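Enquirer: What would the 3D arrangement of this be:
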Amino acid sequence: MGILDTEVRAKLNEDVVDIPTMREMGAGDGYISYVEESLFFVDHHDVLRSVLGQWPIAVTKEQVQALIRYLQREVLPRHEAND
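Expert: Below you'll find the model as predicted:
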């Protein structure tokens, strides 16, 4: 993992990844592990939650689909423009 201020790590009490480290990860297994272990989880009620804060992200299939559409519409085109 990249070097980050230890005070930030202590406040979050989580593994955090900086932008250069994320770029080095690419989109392979390392990134997938990061997403699955440090960003999101599905709880026992099938609610998609953030690891940090455990906020609900999506509680229905329709909300998951809306999130995917949002990422495809708003985020993906910005990254494609930078490639």
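Enquirer: contacts and neighbour counts: CA atoms only from here.
Expert: OK.
Enquirer: If you tally nearby residues, what's the number for A27?
Expert: A27: 10 surrounding residues under other Cα atoms under 10 Å.
Enquirer: Tell me who's in contact with it.
Expert: Neighbouring residues of A27 by Cα atoms under 8 Å, 6 or more residues apart in numbering: there are none.
Enquirer: for it, helix, strand, or coil?
Expert: What DSSP: H, G, I helix; E, B strand; the rest coil gives for A27 is coil.
Enquirer: how near is it to V35?
Expert: Taking Cα to Cα, to the nearest Å as the measure, A27 falls 10 Å from V35.
Enquirer: out of everything not next to it in sequence, what's closest to the residue nearest the centre of the chain?
Expert: Centroid-nearest residue in the chain: L39, 4.2 Å away (criterion: Cα atoms, centre = their mean). Once flanking residues are discounted, L39 sits nearest to V51: 5.1 Å by Cα to Cα, 6 or more residues apart in numbering.
Enquirer: Hmm, F41 and that neighbour touching each other?
Expert: Yes: applying Cα atoms under 8 Å as the test, V51 and F41 come out as touching, 6.3 Å apart.
Enquirer: quick revisit: phi and psi next, for the residue nearest to the centre of the chain.
Expert: The phi and psi values for L39, taken as degrees, to the nearest 10, are phi -110, psi -50.
Enquirer: do M22 as well
Expert: Main-chain dihedrals, M22, degrees, to the nearest 10: phi -60, psi -40.
Enquirer: and the gap between the closest residue to it other than its chain neighbours and I68?
Expert: Leaving aside its chain neighbours, M22 sits nearest to Y31 (7.5 Å; criterion: Cα to Cα, 6+ apart). Distance, Y31 to I68, using Cα to Cα: 18 Å.
Enquirer: Which parts of this protein are helices?
Expert: Using DSSP state H, the helices found in the chain span residues 6-12, 19-25, 29-34, 61-70, 76-82.
Enquirer: could I get these as CSV with mean neighbour count, distance to H45 and mean pLDDT?
Expert: As requested, the helices of the chain are arranged in CSV below (neighbours: other Cα atoms under 10 Å; distance: least, Cα to Cα, whole Å; pLDDT from 0 to 100):
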stretch, mean neighbour count, distance to H45, mean pLDDT
helix 6-12, 10, 25, 49
helix 19-25, 12, 30, 87
helix 29-34, 13, 22, 89
helix 61-70, 13, 13, 96
helix 76-82, 9, 29, 79
